[in-house]
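> Please work out how this folds:
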Amino acid sequence: MNNPHFKIHRKWMIICIVLFILIFFTSISLGNSSVSIGRILPTLFGYGSFKEEFILFSVRLPRVIILALAGMALAISGSLLQSVTRNDLADPGIIGINAGAGVGITCFYLFVQSDIEHYAFILPIVAFISAMLTAVCIYFFSYEKGKGVQPVKLVLVGVGFAFALSGLMMLFISTAERQEVEFISQWLAGNIWGADWPFILALLPWLIVGIPLVFYKANTLNILAMSQPTAIGLGIHLTRERMLLISVSVALAAAAVSVTGGISFIGLMAPHIAKQLVGPRHQLFLPIAFILGATLLMMADTIGRTILESSTVPAGIVAAFIGAPYFIYLLKKN
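Here you go, the predicted model:
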């Protein structure tokens, strides 16, 4: 318990939790129809007015919970990709996995031609299948015989897939009806559209299964982050473990973007910031990244909802404004 690393971890964990709580309540409070911070707890316990209860329980609370869950999923997904591929630039949004999920969601939406909320529990499955096919293609094209997956090649191939799939979605827009165009445009911009209680229930099982598995595999991730010969020497079955962890990463990212739209850079920034704070050991930085992912996405959405009086800037665009310079900085650094 006197280990200085654990003391540093505990200090930053407390700071991150406090920051998460502050952003959570700020996000609930601010917006076009606001509930003052002092009225949030009384309203939660049933002592609010009809208007306050409606804003809190029907509008703001489900949205903020979705943002928190999606941010957690994207942060853990990015952490897995960076560790498994040993590539600090890996992120499910940057390397095309989110775009793959988006194409699946869009095709499904155009096919059913119905209220998408009726299919809340099916959407993460559709997104996972589509994203997994994309991930397999990216892995195949970035793999070199005798060398394995090449980190730089993985990013380049992934970026290529992301652009190609985004172009495919633009093609859908050019042939779709007005209502369908609005949905696809919202998804591409990262406008949080699945902000209702059914989508929370659809997203939760993926996190309940995936995230404990990731924490259980923390030691394996520590080894996979080392060189390939070292990992083999320590008895790790590389192919099996990589496939399992990449599948979990894809599942978490797909489930998140199936209800939030195309959010990028959260899975890049949260793990990096966490590693800067507590070091690269997964047992230490994963819990920090987990909380930071939720905090960053809630903060991006809050900024987008309050920065302009007349309109809302999608959370995905705000996250890109913050994350793109950070990506360029990492690109130059590495």
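> Next, the residues that contact stretch 103-114 from outside, please.
The contact list for stretch 103-114, computed with C-beta atoms under 8 Å, 6 or more residues apart in numbering, reads 116, 119, 122-123, 126-127, 129-131, 134, 165, 168-169, 172, 176, 180, 183-184, 187, 257-258. For every residue, glycine as well, the C-beta is placed using N, CA and C.
> In helices, which of those residues appear?
123, 126-127, 129-131, 134, 165, 168-169, 172, 180, 183-184, 187, 257-258 (DSSP state H).
> Which ChimeraX command selects the buried ones in those residues?
Of those, the buried ones can be selected in ChimeraX as follows, counting by 16 or more other C-beta atoms under 10 Å:
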select :123,126,127,129,130,131,134,165,169,172,180,183,184,187,257,258
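> The residue nearest to residue 264 when sequence neighbours are not counted: what's it in contact with?
If the residues on either side of it in the chain are set aside, residue 264 comes closest to residue 93, at 2.7 Å by C-beta to C-beta, 6 or more residues apart in numbering. Residue 93 is in contact with 74, 99, 162, 253, 262-268, counting by C-beta under 8 Å, 6+ apart.
> can you put the residues you listed in TSV and add pLDDT, secondary structure and neighbour count?
Shown next, in TSV, are the contacts of residue 93 (pLDDT from 0 to 100; DSSP: H, G, I helix; E, B strand; the rest coil; neighbours: other C-beta atoms under 10 Å):
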residue	pLDDT	secondary structure	neighbour count
74	95	helix	35
99	89	helix	28
162	88	helix	24
253	93	helix	33
262	85	coil	26
263	88	coil	33
264	85	coil	24
265	89	coil	27
266	92	helix	36
267	90	helix	35
268	90	helix	28
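> Now tabulate the residues you listed in JSON lines and tack on distance to residue 152.
Listed next are the contacts of residue 93 as JSON lines, based on distance: C-beta to C-beta, whole Å:
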{"residue": "74", "distance to residue 152": "23"}
{"residue": "99", "distance to residue 152": "20"}
{"residue": "162", "distance to residue 152": "16"}
{"residue": "253", "distance to residue 152": "21"}
{"residue": "262", "distance to residue 152": "24"}
{"residue": "263", "distance to residue 152": "24"}
{"residue": "264", "distance to residue 152": "19"}
{"residue": "265", "distance to residue 152": "19"}
{"residue": "266", "distance to residue 152": "22"}
{"residue": "267", "distance to residue 152": "18"}
{"residue": "268", "distance to residue 152": "15"}
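> out of these, which one sits closest to residue 154?
residue 162 (12.2 Å; C-beta to C-beta).
> Excluding chain neighbours, give the residue nearest to the closest one in space.
residue 96 (3.8 Å).
> Check residue 100 too.
Counting by C-beta to C-beta, 6+ apart, residue 100 lies nearest to residue 134, which is 2.7 Å off, once chain neighbours are set aside.
> Name all residues that make contact with the one you found.
Residue 134 sits next to 96-97, 99-101, 103, 161, 165 when contact means C-beta under 8 Å, 6+ apart.
> What are the buried residues along the helix or strand residue 75 falls within?
Assigned by DSSP states H and E, residue 75 falls within helix 61-85. With burial defined by 16+ other C-beta under 10 Å, the residues of helix 61-85 counted as buried are 61-85.
> Is the residue nearest to residue 264 in a helix, a strand, or coil?
coil (DSSP: H, G, I helix; E, B strand; the rest coil).
> on that earlier part again, state the distance from the residue nearest to residue 162 to residue 87.
14 Å (C-beta to C-beta, to the nearest Å).
> what does residue 162 give?
Distance of residue 162 to residue 87, given as C-beta to C-beta: 15 Å.
> For residue 239, the count of nearby residues, please.
Counted by other C-beta atoms under 10 Å, the residues lying close to residue 239 total 9.
> helix or strand for it, which one?
Assigned by DSSP H and E, residue 239 falls in helix 238-260.
> helices or strands up against that helix?
Here helix 238-260 touches helix 61-85, helix 97-112, helix 123-142, helix 197-216, helix 218-224, helix 228-233, going by 3 or more C-beta pairs under 8 Å, 6 or more residues apart in numbering; DSSP states H and E.
> Next up, the contacts around the residue nearest in space to the middle of the chain.
Among the residues of the chain, the one closest to the centroid is residue 74, at 2.2 Å (C-alpha atoms, centre = their mean). Contacts for residue 74 (C-beta under 8 Å, 6+ apart) come out as 92-93, 252-253, 256-257, 263, 266-267, 270, 293, 297.
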